[in-house]
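J.: Kindly generate the corresponding structure for this input.
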Amino acid sequence: MSQKGSHLNSYLAFIFREKRVLSFGVSLTFFSSFGQTFLFALFVPYFLLEFDLSKSEFGTIYSIATLGSAFLLPAIGDKIDQIPIKYYSTAVAGMLAIASVFLAVSWNVASLFVAVLLLRLGGQGLSGHTADTTMAKVFEGDRGKALSVSSLGYPIGEGLLPLAIATLSTILYWRNLWWLTALIFLILGAPWLYQLIRKHPVNERIAQPERATNGKKTFSFNPFEHFGMLRDPRMKYILPAALMPPFWVTGFFLYQVSFGNELGWTTTMIASGFIGFAVARIVASLVVGPLIDRFTARVLFPFYQVPLLLALTMPLIFPSGISVYLYLGCIGVGLGIGSPIKTALWTEMYGAEKIGAVRSLFAALMVFGTSLSPFVMGFILDSRAELPQVFGIAITSVVLSMLLALVIYRRPAGKLI
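T.: Predicted coordinates:
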């Protein structure tokens, strides 16, 4: 048997052996779709009509809700280090159910804001956070493969949910769609997550909180508690590279239909390009796992932005319609390898015991960055900068962040990580 075939068999054996925990992770990353921008976009026309909002007014509500979720995420996300995961994950599903009910019965702009805030927090924030943190805690030698398989829920959601919602919206009122979503989370989602993880030893290995009185766990709610980690001298080398891809991808995705005409991209071409985007993301995610286990995330991290760099150069090298497929395909690869590498890196740096607190902090920073991206990108485009200049600004920032990240590659593990 060839070495390639042996690796594949080993990968498949790992998936079948750990199918319950991996299914738990995939389910949570899939559930994160209910707090992602691509899904909200399908309901924006209904929100504008129902609440008599302009696009800018809803955009403001959405941005403030996103910033609010970023503010709350570190304080709630670190509790996964202290609460058995079977209860924590069930609570996340419960939050998504409550948020869906709020959206279904929303009667004014304030209730709409609360619903969006809870969906952004429970979906975009805590669902993926719970999945990645669990994989990091459960696995050590196979951590890369586990994170890769777990992250497949993201492209599955991106591929299936828009079509499902578009089909259901032809027979159901938009509010009834959210009632249905709430029922699914309560009747199927929460019990499914609990059953998958309830007997796993990870529930018994959750670290005791540092603060305890009379042997009892105590919990604090302090959104600023973990921001002290940003004083870590390693952060200046790592943060720019960690935050740059979600920042630029959000900005370019939001405005790509607007500037696509200058590049010969039609709306149909962009839509079809997302098929390649999803396939590339799935394949890249599966491939990067064994590489993390073999070489470590510290070694791979400085180079994980290479696909994004290629994506940003494609429209400049091939200024024609075909560049949209190369651009989206490269972004798919970048997103596919990014999440597993970064979560594995945080675990290598700080240990599995603290990964919940650490990852929730970086997730909050990521959410904060993506909330600013539309404003920054809009400002650049409104300043009448030429499209090559816009791509040039993004390329320059990515290259500089990669050069900073190379410091962790060049130093021995004990020196920096």
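
J.: all helices of the stretch 151-300 of the chain, in order?
T.: Taking DSSP state H, counting those that start in this stretch, the helices of the stretch 151-300 of the chain run over residues 153-168, 174-184, 190-197, 235-263, 267-295, 297-300.

J.: Redo the ones you listed as TSV? Include distance to Ile337 and mean neighbour count.
T.: For glycine as for every other residue, the C-beta is placed from the backbone atoms N, C-alpha and C. Formatted as TSV, those follow (distance: least, CB to CB, whole Å; neighbours: other CB atoms under 10 Å):
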stretch	distance to Ile337	mean neighbour count
helix 153-168	12	16
helix 174-184	30	18
helix 190-197	26	19
helix 235-263	10	19
helix 267-295	4	18
helix 297-300	8	21
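
J.: which stretch among those comes nearest Ser360?
T.: Closest approach to Ser360 among the helices of the stretch 151-300 of the chain is made by helix 235-263 (13.9 Å; CB to CB).

J.: which helices and strands does that closest one pack with?
T.: Packing partners of helix 235-263 (3 or more CB pairs under 8 Å, 6 or more residues apart in numbering; DSSP states H and E): helix 267-295, helix 306-317, helix 323-350, helix 355-382, helix 387-410.

J.: what do you get if the cut-off is 6 Å, keeping everything else the same?
T.: Using 3 or more CB pairs under 6 Å, 6 or more residues apart in numbering; DSSP states H and E, the elements in contact with helix 235-263 are helix 323-350, helix 355-382, helix 387-410.

J.: what's the closest of these to Tyr194?
T.: Using CB to CB, the helices and strands packed on helix 235-263 put helix 355-382 closest to Tyr194, at 18.4 Å.

J.: now the closest one against helix 235-263, angle please.
T.: Angular relation of helix 355-382 and helix 235-263 on a 0 to 180 degree scale: 40 degrees, by axes from the mean of the first three to the mean of the last three CA atoms, to 10 degrees.

J.: List the buried residues for helix 355-382?
T.: 355-371, 373-374, 377, 380 (16 or more other CB atoms under 10 Å).

J.: Against His200, how distant is the closest residue to Pro315 other than its chain neighbours?
T.: Spatial nearest neighbour of Pro315, excluding adjacent residues (CB to CB, 6 or more residues apart in numbering): Ser323 at 4.8 Å. Ser323 sits at a distance of 46 Å from His200 (criterion: CB to CB, to the nearest Å).

J.: Show me where the stretch 151-300 of the chain dips below the pLDDT cut-off.
T.: Flagging of the stretch 151-300 of the chain using pLDDT under 70 yields the residue ranges 205-228.

J.: and the helix or strand containing Phe58, what other elements does it pack with?
T.: Following DSSP states H and E, one finds Phe58 within helix 55-77. The helices and strands touching helix 55-77, judged by 3+ CB pairs under 6 Å, 6+ apart, are helix 109-119, helix 355-382.

J.: For the ones you listed, give me a markdown table that also has mean pLDDT.
T.: Formatted as a markdown table, the helices and strands packed on helix 55-77 follow (pLDDT from 0 to 100):
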| stretch | mean pLDDT |
| --- | --- |
| helix 109-119 | 94 |
| helix 355-382 | 80 |
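
J.: who wins for proximity to Tyr255 among those helices?
T.: Shortest distance between Tyr255 and the helices and strands packed on helix 55-77, using CB to CB, is found for helix 355-382: 5.8 Å.

J.: Can you check what angle separates that closest one from helix 323-350?
T.: Between helix 355-382 and helix 323-350, the angle comes out at 150 degrees (the same axes, to 10 degrees).

J.: who does helix 355-382 touch, helix- and strand-wise?
T.: helix 55-77, helix 128-138, helix 235-263, helix 323-350.

J.: how distant is the next helix-or-strand element following the second one from the center of its chain?
T.: Once the chain leaves helix 128-138, the next helix or strand it forms, by DSSP H and E, is helix 143-150. Here helix 143-150 shows a centroid-to-chain-centroid distance of 14 Å under the convention CA atoms, centre = their mean, to the nearest Å.

J.: Residues in contact with helix 143-150: which ones?
T.: For helix 143-150, the surrounding residues in contact (CB atoms under 6 Å, 6 or more residues apart in numbering) are 14, 22, 25-26, 131, 135, 139, 285-286, 288-290, 292-293, 340, 343-344.

J.: Kindly report the same for stretch 249-261.
T.: By CB under 6 Å, 6+ apart, the list of residues contacting stretch 249-261 reads Ile331, Thr370, Ser373, Pro374, Met377, Leu387.

J.: Just put these in CSV and tack on distance to Phe259.
T.: Output for those, formatted as CSV (distance: CB to CB, whole Å):
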residue, distance to Phe259
Ile331, 15
Thr370, 19
Ser373, 15
Pro374, 14
Met377, 10
Leu387, 6
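
J.: Having no further points to raise, I will conclude here.
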